[in-house]
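> Fold the following, please.
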Amino acid sequence: MDTLLLFGLVAFLAVPDTEAAGFPSVSPSQGEPWPMPQHIEYNRDQTFLVSQDEVPVNIVGESCADLQDAATRYQNIIADYLEQIRTTVYEPLYRTQPHGAPTSGDDVGRRLDVIHSIEVNLTSSCSSSQYPEFGMDESYEVRTNWNRDGRALVIADSIWGAYRGLETISQLFLHNGADLNVHSAHIVDFPRYKHRGVMFDTARHFLSMNVLKQNIDLMAAHKYNVFHWHMVDDQSFPFNSSALPELVAGAYRPGLTYSTDDVADIVEYARQRGVRVIAEFDTPGHMDAWGVGLPHLLTACYKDGVKDGTVGPINPSNEAVYDTLRDLFTEITQLFPDRYIHLGVDEVIFGFDCWLSNPQVQEWMAAQQLTTPEEVEDVYIRRLLALVEALPASPEYMVWQDVLDRGVNLKPNAVVQVWKEPWQEHLLSVTSRGHPAILSTCWYLNHFTYETDWPLYYTCEPEEMGGTAAQRALIVGGEAAKWGEYVDDTNVVAATWPRAAAPAERLWSDKSVNSVDEAMHRMEEQRCRMVYRGFPVSPSNGMGFC
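Numbers count the residues shown, from 1 in each chain. Now for the predicted structure:
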């Protein structure tokens, strides 16, 4: 699609719904959750009043330290919101009736009682040893004053569902002048897709622990459940490996690294929010920084029979390479408890000439009866996959689509991540071979525009690939990708959010929830909701303020 036409479409989709001076471009909804639940029913003539400074969150079912921590966390989130509403003048933003308000007139519904508490009823046991996993149960039910009893209730069969339900309840609060109310609602909710992730790149620019945790908090607020950590690349190797300490020499500088304790801290922080952490250590390409500490890993490039001072992909002819990889991936699978590891294996084609120029690789190819770089790649990847499958942790693996494009046979449950255009054709190809697929192509958040661009992400529908019902069932989710060339601690939150809210709703909510006109009002509220929570997220719909 022509770029100007594309940007014009974005501008058209975000046309302001009022042009009067002093009004925001898009009026926010009030107390409307994001992402949209699968089933939500309001008592439209009923809300209940919040009169306390703090609404207690009580556990009435099964309990554990993790759930108690979550209850305290959300009690504080709601209390902070109450304080801001009561101490900040928001009236100018609501000179007109807010979009989506339950009723019109001077009052927002008929208030019934006063909220006394939020109660969490977990129906199964939980413990600090639980780790979120692919296909975990994230379903929940919410009732707020439904029986006119002044209670808000979360019911869930798993702690992960309890987390999602608490997030939804925190989004049902709305203000009406000086009052704060809560919608009277009944919600039954569950995710559309099992894998809903955001990929952050910490190699092109280092991201501090604090900023990583901010993004994990924002992921949980949008019901994402996977942090895909693209930790290393050509530019830097910031992981301070205990098994191979030489590798961290490839970091930008000593202070810009992640220790094994840092990794454990991030994994635990994410776990307590129902977010899996999947590490990506990409080979055989994107490895320049690995060679700073361990030069033997990489292929020296030659020109006219002489080393030219550059390096290419991993050196598949060096047997020591495979011992090094085995040591590293053993450590990675011990640090990251997720069942899956991401092996990358993308864009190796850029190193083919280097392989062919290297005398050692040439000699090895002759001994192996290989004649093309594609065959070299195939041999390496087969050895890599066998090595990973034989690790003590017996991990499953994810890969970028490149390896499948080249015809390498993967085990049936290997997850393939699609990032190329036309993504519909690539999804069809992946699923036709029986592999689970996740989509990223249309959710590359590193593509910036001046205009409102979230509708482009919002209108990407994975099932538009066509195919059979069996193929569509193999789409297990998607990931928004935030590559790091132009973001660091100073701007990564604003550059990612609330734009990442768009794929979050596409991956969680029912397929029928696809109206940009309806979503823009909830997007406006969700953006302001995150601002109220202290996150420096960007404006979503043009002019206005929170």
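> correct me, but Val120 touches Asn58?
Yes: counting by CB atoms under 8 Å, Asn58 is a contact partner of Val120 at 7.1 Å. Any C-beta I mention is one placed from the backbone N, CA and C, and that applies to glycine too.
> of those two, who's got more company?
When neighbours are counted by other CB atoms under 10 Å, Val120 comes out ahead of the other of Val120 and Asn58, with 28 against 13.
> about what we covered before: what's the overlap in contacts for Val120 and Asn58?
Common neighbours of Val120 and Asn58 (criterion: CB atoms under 8 Å, 6 or more residues apart in numbering): Ala71.
> Give me the contacts around stretch 56-65.
The contact list for stretch 56-65 (CB under 8 Å, 6+ apart) reads 67-68, 71-72, 74-75, 78, 117-128, 159, 166.
> Try it again at 7 Å.
Residues outside stretch 56-65 that contact it (CB atoms under 7 Å, 6 or more residues apart in numbering) are 67-68, 71, 74-75, 117-128.
> Ok, stretch 396-409 next?
Residues contacting stretch 396-409 (CB under 7 Å, 6+ apart): 278, 339-348, 374, 377-378, 381, 388, 410, 413-420, 426, 430, 433.
> 6 Å instead?
339-343, 345-346, 378, 381, 388, 414-418, 426 (CB atoms under 6 Å, 6 or more residues apart in numbering).
> now, which of those lie within helices?
Asp378, Ile381, Val388, His426 (DSSP state H).
> Redo these as a markdown table? Include neighbour count, distance to Leu49 and pLDDT.
Listed next are those as a markdown table, based on neighbours: other CB atoms under 10 Å; distance: CB to CB, whole Å; pLDDT from 0 to 100:
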| residue | neighbour count | distance to Leu49 | pLDDT |
| --- | --- | --- | --- |
| Asp378 | 17 | 67 | 94 |
| Ile381 | 23 | 62 | 95 |
| Val388 | 21 | 57 | 97 |
| His426 | 21 | 52 | 98 |
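> Bridged to the residue nearest the centre of the chain, which residues?
Centroid-nearest residue in the chain: Val198, 2.2 Å away (criterion: CA atoms, centre = their mean). Beta-bridge partners for Val198, by DSSP bridges, are Phe227, Ala480.
> can you pull out the strands in the stretch 301-450 of the chain?
Here the stretch 301-450 of the chain has its strands, by DSSP state E, counting those that start in this stretch, at 306-314, 340-344, 396-400, 415-418, 437-439.
> Check which element follows the last one along the chain.
When you say that, I think you mean strand 437-439. For strand 437-439, the succeeding helix or strand toward the C-terminus, using DSSP states H and E, is helix 454-458.
> Tell me the buried residues in that next one?
Trp454, Pro455, Leu456, Tyr457, Tyr458 (16 or more other CB atoms under 10 Å).
> Can you give the distance of it from its chain's centre?
Helix 454-458 sits 16 Å away from the centroid of its parent chain (CA atoms, centre = their mean, to the nearest Å).
> now swap in stretch 508-518 and tell me
Counting by CA atoms, centre = their mean, stretch 508-518 comes out at 19 Å from the chain centroid.
> And it, what's buried?
Trp508, Ser509, Val513, Val516.
> same deal with stretch 479-494?
Going by 16+ other CB under 10 Å, stretch 479-494 has these buried residues: Glu479, Ala480, Ala481, Lys482, Trp483, Gly484, Val487, Asp488, Val492, Val493.
> Mind exporting the C-alpha coordinates of it to CSV?
C-alpha atoms of stretch 479-494 as CSV (Å, rounded to 0.1, in the frame of the first residue of the first chain):
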residue,chain,number,x,y,z
GLU,A,479,3.4,-10.7,19.6
ALA,A,480,4.0,-7.0,19.3
ALA,A,481,7.6,-6.4,18.5
LYS,A,482,9.6,-3.4,19.9
TRP,A,483,13.0,-3.4,18.3
GLY,A,484,15.5,-1.3,20.0
GLU,A,485,17.4,0.8,17.4
TYR,A,486,15.7,4.1,18.4
VAL,A,487,14.4,3.5,21.9
ASP,A,488,16.1,3.3,25.3
ASP,A,489,15.1,4.1,28.9
THR,A,490,14.2,7.7,27.9
ASN,A,491,11.4,6.8,25.4
VAL,A,492,10.6,3.1,25.2
VAL,A,493,7.5,3.3,27.3
ALA,A,494,6.1,6.2,25.4
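> and it, average pLDDT?
Averaging pLDDT along stretch 479-494 gives 98.
> now stretch 115-134
95.
> Kindly report the same for stretch 204-216.
Mean predicted lDDT for stretch 204-216 stands at 98.
> Give me the residues contacting that stretch.
For stretch 204-216, contacts defined as CB under 6 Å, 6+ apart pick out Gln235, Pro238, Leu256, Ile266, Tyr269, Ala270, Val275, Gly484, Glu485, Asp488, Asp489, Val493.
> from those, which ones fall inside helices?
Using DSSP H, those in helices are Ile266, Tyr269, Ala270, Val493.
> and the residue nearest to the centre of the chain, how far is that from Gln214?
12 Å (CB to CB, to the nearest Å).
> go on, Val418?
From Val418 to Gln214 the distance is 28 Å (CB to CB).
> out of those two, which sits in the busier spot?
More neighbours surround Val418 than the other of Val418 and Gln214, with 28 against 20 (other CB under 10 Å).
> what's across from that one in the sheet?
Leu439.
> right, and it touches Leu428 too?
No: counting by CB atoms under 6 Å, Val418 stays clear of Leu428, with 9.9 Å between them.
> Please identify which two of the ones in helices among the contacts of stretch 396-409 are farthest apart in space.
Val388 and His426 (23.4 Å; CB to CB).
> got the contact list for Ala494?
Counting by CB under 6 Å, 6+ apart, Ala494 has contacts Pro536, Ser538.
> What of Ala500?
Taking CB under 6 Å, 6+ apart, one finds Val198, Ala480 in contact with Ala500.
> give me that answer again for 10 Å
With contact set as CB atoms under 10 Å, 6 or more residues apart in numbering, Ala500 has these partners: 198, 215, 218-219, 222, 224, 443, 445, 454, 457, 479-482, 537.
> which of these lies closest to Gln362?
Ala481 (36.3 Å).
> What's the separation between the closest one and Pro191?
20 Å.
> Over to Ala220?
Separation of Ala220 from Pro191 (CB to CB) stands at 13 Å.
> coming back round to it: I'd like to know which of the contacts of stretch 56-65 are buried.
Buried, going by 16+ other CB under 10 Å: Leu67, Ala71, Tyr74, Gln75, Ile118, Glu119, Val120, Asn121, Leu122, Cys126, out of these.
> Among those, which lie within strands?
Residues of those located in strands (DSSP state E): Ile118, Glu119, Val120, Asn121, Leu122.
> mind putting the residues you listed in JSON lines, distance to Leu356 included?
JSON lines is the format used below for those (distance: CB to CB, whole Å):
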{"residue": "Ile118", "distance to Leu356": "64"}
{"residue": "Glu119", "distance to Leu356": "67"}
{"residue": "Val120", "distance to Leu356": "61"}
{"residue": "Asn121", "distance to Leu356": "64"}
{"residue": "Leu122", "distance to Leu356": "59"}
